[in-house]
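Undergrad: Below: sequence and its predicted model.
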Amino acid sequence: MTFPRPSRQFYAEDVLGGRIDLDNYPFRYAFVMIGDVSTVRAGHAGLLHRMDVVFSAVEFMEARGWECLNVVDNGQVAYMRKVAR
């Protein structure tokens, strides 16, 4: 049986909620972005909230052996690389 290929796209909320197995992820590169935009506030306060959620996911992943390569789209997308152990 062949399982579907895992996505390289992680939603920050899934990372923070423990719904992604970072330790056994088969690829070295992935990107993190905000997931549920329907609950996000508009304007500058909304942008700051989205950035905070993404950066929180980045920090969580860094503690699990990943490193942040780049952040784009006003802090709403972060490109990550799994560090070889």
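TA: Sure, I can see it.
Undergrad: shouldn't Asp23 be in contact with Ala63?
TA: No - using C-beta atoms under 8 Å, Asp23 makes no contact with Ala63, being 11.8 Å away. Every C-beta, even on glycine, is put in place using the N, C-alpha and C of the backbone.
Undergrad: Do you have the strands of this protein handy? List them.
TA: Counting by DSSP state E, the chain has strands at residues 9-11, 29-33, 66-72, 77-82.
Undergrad: list the buried ones in the helix or strand of the chain with the lowest mean pLDDT?
TA: Sorting the helices and strands of the chain by mean pLDDT, DSSP states H and E puts helix 43-62 at the bottom, at a mean of 92. By 16 or more other C-beta atoms under 10 Å, the buried positions in helix 43-62 come out as Arg50, Met51, Val53, Val54, Phe55, Ala57, Val58, Phe60, Met61.
Undergrad: Compute the inter-axis angle for it and strand 66-72.
TA: Relative orientation of helix 43-62 versus strand 66-72 (axes from the mean of the first three to the mean of the last three C-alpha atoms, to 10 degrees): 160 degrees.
Undergrad: For helix 43-62, name the packing helices and strands.
TA: When contacts are defined as 3 or more C-beta pairs under 8 Å, 6 or more residues apart in numbering; DSSP states H and E, helix 43-62 sits against helix 12-16, strand 29-33, strand 66-72, strand 77-82.
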